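K.L.:
Turn this into a model:
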Amino acid sequence: MIDVNLPLILGAALLATASPGPATLAIAGASMASGRRAGLALAAGVTTGSWMWSIAAATGLGAVMAANVWAFEALRYVGGAYLLYLAARSARSALRGGAAVAAGQRAVGLRAAYGKGLALHLTNPKAIAFFAALFAVGVPSDAPVETLALVVAAVGLQSLAVFHGYALLFASAPLAAGYARLRRGFDAVFALAFGAAGVKILTSRLG
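P.N.:
From the prediction side, this is the model:
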């Protein structure tokens, strides 16, 4: 196996994964509003998306997309639009009151939560840009399959631990109780955060 600086790769991936962003916000919101199972399901979707982009970058798709700006542009528009959609949903929830909204949030399906997490990560153009750079800089171009598999597995397992850790953390009783008391305020913050991320993606060129 060709030597790779795995600690450096994992450190960079940890910073990108654990830092606040649309995925971590969505996991936090799902866990506080709908409980541990919904948060874990959404985290599983995000983790699946992370694995998919990591494998794509390891197999050269990241370099192909980097060489074709139109692919990044298409992903940018889709990702930005999806974040604005999430912002609109959060804003609508913040403007509505009553127990009916909270009950509807608690009743969210696990499949829907998983799909939301997967869509959120697959439509994030920064994810493929990050993984493409990670493999281009951190892994030699002539690395054998087993080396690529090691990096993909290590980064993927770390992402799984971080995203699911967020789900468990925000599903804790104190945070869930705080969300129940301040639901409209939390949803307003989520709306602003998703909206700002969507606008930023739509107005910046990543390719």
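K.L.:
any weak-confidence spans in this protein?
P.N.:
Flagging of the chain using pLDDT under 70 yields the residue ranges 1-3, 62-68, 97-108, 205-207.
K.L.:
quick one: contacts for the closest residue to residue 176 other than its chain neighbours?
P.N.:
Among residues not flanking residue 176 along the chain, residue 32 sits closest, at 5.3 Å (CB to CB, 6 or more residues apart in numbering). No exception for glycine: its C-beta is placed from N, CA and C like everyone else's. Contact partners of residue 32, counting by CB atoms under 8 Å, 6 or more residues apart in numbering, are 39, 170-171, 175-176, 178-179, 186.
K.L.:
chain center to the helix or strand containing residue 32, what's the gap?
P.N.:
Per DSSP states H and E: residue 32 is located in helix 22-34. Relative to the centre of its chain, helix 22-34 is centred 10 Å away, using CA atoms, centre = their mean, to the nearest Å.
K.L.:
how far off helix 22-34 does the host helix or strand of residue 152 point, in degrees?
P.N.:
Assigned by DSSP H and E, residue 152 belongs to helix 145-170. Relative orientation of helix 145-170 versus helix 22-34 (axes from the mean of the first three to the mean of the last three CA atoms, to 10 degrees): 40 degrees.
K.L.:
Who are the packing partners of helix 145-170?
P.N.:
Helices and strands touching helix 145-170, by 3 or more CB pairs under 8 Å, 6 or more residues apart in numbering; DSSP states H and E, are helix 6-18, helix 22-34, helix 36-58, helix 125-138.
K.L.:
wouldn't residue 151 be in contact with residue 55 here?
P.N.:
No: counting by CB atoms under 8 Å, residue 55 is not a contact partner of residue 151; they are 10.5 Å apart.
K.L.:
Now the residue positioned nearest the centre of the chain: closest residue in space that isn't a chain neighbour?
P.N.:
For the chain, the residue nearest the mean C-alpha position is residue 23 (3.2 Å; CA atoms, centre = their mean). In space, residue 23 comes closest to residue 46 once its chain neighbours are excluded; the distance is 4.7 Å by CB to CB, 6+ apart.
K.L.:
which residues does the one you found contact?
P.N.:
Residues in contact with residue 46, defined by CB under 8 Å, 6+ apart, are 23, 26-27, 117-118, 120-121, 159, 163.
K.L.:
Repeat the analysis, applying 7 Å as the threshold.
P.N.:
23, 27, 117, 120-121, 163 (CB atoms under 7 Å, 6 or more residues apart in numbering).
K.L.:
about what we covered before: and the residue nearest to residue 176, how far is that from residue 38?
P.N.:
Going from residue 32 to residue 38 by CB to CB, to the nearest Å gives 10 Å.
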